[in-house]
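> I'll drop the sequence and a predicted model, then ask my questions.
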Amino acid sequence: MKYVLTRNKNYAFVKCFIRNLMVLILRLEVGPSMLVQSLSLKLASWVQLVILESSIIIP
């Protein structure tokens, strides 16, 4: 039973990660000119979001 729970948590994390990645890619395609100016900021906030979501999913 423990294995199933762990696998489900990992799956949820991967799903979240992929969703965030798709959002990031979408943002990159939408605003390439803005991207050059604020890439590091977006990347930093996105990484923080991923860490936050993963910590919520995997206690």
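Alright, I've got the coordinates.
> check which helix or strand covers residue 42.
Element membership of residue 42, judged by DSSP states H and E, is helix 32-57.
> for residue 24, same thing?
Assigned by DSSP H and E, residue 24 belongs to helix 2-30.
> any weak-confidence spans in the chain?
When residues are selected by pLDDT under 70, those of the chain lie in 1-7, 28-39, 57-59.
> surely residue 50 meets residue 20?
Yes. Between residue 50 and residue 20 there is a contact under C-beta atoms under 8 Å: 5.6 Å. Where C-beta positions appear, they are placed from N, C-alpha and C, glycine not excepted.
> surely residue 13 meets residue 56?
No. Applying C-beta under 8 Å as the test, residue 13 and residue 56 come out as separate, 9.8 Å apart.
> looking at those two now, which is surrounded by more residues?
Higher neighbour count among residue 13 and residue 56: residue 13, with 17 against 11, using other C-beta atoms under 10 Å.
> mind listing what residue 25 touches?
Residues near residue 25 by C-beta atoms under 8 Å, 6 or more residues apart in numbering: none.
> how close does residue 12 sit to residue 50?
When distance is defined by C-beta to C-beta, to the nearest Å, residue 12 is 13 Å away from residue 50.
> now residue 9
Distance from residue 9 to residue 50, by C-beta to C-beta: 15 Å.
> now do the contacts for residue 53.
With contacts defined as C-beta under 8 Å, 6+ apart, residue 53 is in contact with 13, 16, 20.
> could those residues be laid out in CSV, adding distance to residue 40?
Listed next are the contacts of residue 53 as CSV, based on distance: C-beta to C-beta, whole Å:
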residue, distance to residue 40
13, 25
16, 22
20, 17
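> what's the neighbour count on residue 50?
Look at residue 50: counted by other C-beta under 10 Å, it has 16 neighbours.
> measure it to residue 24 for me?
10 Å.
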